[in-house]
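[1] here's my sequence, what's the structure:
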Amino acid sequence: MDFDPLLPYLPEGDFIPLLKKWLEHEKFELILHRPRATKLGDFRPPRKGNIAKITLNSNLGPYQFLTTLTHEIAHLKVWNAHARRAAPHGLEWKTVFGEMLQELAHYQTWPEVYLAALLKHAIRPKSSVGADPDLQKVILQLDHNSDVFLLQDVPNGGNFLFKGRAFKRLEKRRTRALVFEISSGMKYTIPLVAQVELKD
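    Got it, this is the predicted structure:
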């Protein structure tokens, strides 16, 4: 596979040797997809004689693209080794993904915050990058080169803007927060990793 078309989407560095090492024995098709609101990328097992597919949103920042690509390659490697015998985010996937994150972390010199977040995530990989608020925040800050605020940063009782609408955070519920929309009086739950704008 020719990896050169991926380089503009990745952070600065020479990733060709690493991608070749990870993928030289894997059969798959890589598709850059138009932006999707519900996912950053996915892995699709082979169907009816077709090869497996990895899709990635084309609008991802470089660190989000790299981290998501690594996540999906782990799915590919586990599928090709175990097929349906392994759960999508089960022990086999966590082991492979964790090892890949360790390798990625030590592959080149990274910003300290990204290195620390990768190594922490590698210990107990989540089913998505977005399920790890610390890693997600670091990635967004690096990709946007600015401070980023997530809903997890808003204290209970704090006001914030999300998608142009004003809310008050009420309470944490595992990976989401119960919030109150100021204009409508309706209550919703929003993921703690949602990017928000702080409001006085």
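[2] which residue ranges of this protein form strands?
    According to DSSP state E, the chain carries its strands in the segments 28-33, 41-44, 52-57, 149-150, 159-162, 165-173, 176-181, 187-191, 195-199.
[3] just send those back as JSON lines, with distance to Leu66 too.
    Backbone N, C-alpha and C define where each C-beta goes, glycine included. Putting the strands of the chain into JSON lines (distance: least, C-beta to C-beta, whole Å) gives the following:
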{"stretch": "strand 28-33", "distance to Leu66": "14"}
{"stretch": "strand 41-44", "distance to Leu66": "11"}
{"stretch": "strand 52-57", "distance to Leu66": "10"}
{"stretch": "strand 149-150", "distance to Leu66": "20"}
{"stretch": "strand 159-162", "distance to Leu66": "26"}
{"stretch": "strand 165-173", "distance to Leu66": "30"}
{"stretch": "strand 176-181", "distance to Leu66": "26"}
{"stretch": "strand 187-191", "distance to Leu66": "22"}
{"stretch": "strand 195-199", "distance to Leu66": "19"}
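[4] which one of those strands lies nearest to Glu99?
    Ranking the strands of the chain by proximity to Glu99 (C-beta to C-beta) places strand 41-44 first, at 17.2 Å.
[5] number of residues surrounding Gln108?
    Look at Gln108: counted by other C-beta atoms under 10 Å, it has 13 neighbours.
[6] which pLDDT value goes with the residue most central in space within the chain?
    Nearest to the mean C-alpha position of the chain, counting by C-alpha atoms, centre = their mean, stands Val129 at 3.2 Å. At Val129 the predicted local distance difference test score is 76.
[7] what distance do you get for the nearest residue to Lys27 once chain neighbours are set aside to Thr68?
    In space, not counting the residues next to it along the chain, Lys27 is nearest to Ile51; the distance is 4.9 Å by C-beta to C-beta, 6 or more residues apart in numbering. Here Ile51 is placed at a distance of 20 Å from Thr68 (C-beta to C-beta, to the nearest Å).
[8] so between the two, which is more surrounded?
    Taking neighbours as other C-beta under 10 Å, Ile51 and Thr68 compare with Thr68 leading, 22 against 13.
[9] and that one, how far from Gly41?
    Thr68 sits 5 Å away from Gly41, taking C-beta to C-beta as the criterion.
[10] equivalent analysis for Lys94, please.
    Plainly put, Lys94 is 18 Å away from Gly41 if you go by C-beta to C-beta.
[11] any idea how far Ser184 lies from Gly158?
    In this view, Ser184 and Gly158 are 19 Å apart by C-beta to C-beta.
[12] about what we covered before: next, the contact list for the residue nearest to Lys27, please.
    Applying C-beta atoms under 8 Å, 6 or more residues apart in numbering, we find Ile51 in contact with Lys27, Phe28, Glu29.
[13] give me the pLDDT for it.
    Reported pLDDT at Ile51 in the predicted model: 91.
[14] could you pull out the helices for the chain?
    Counting by DSSP state H, the chain has these helices, from start to end: 16-23, 62-82, 91-105, 112-123, 133-144.
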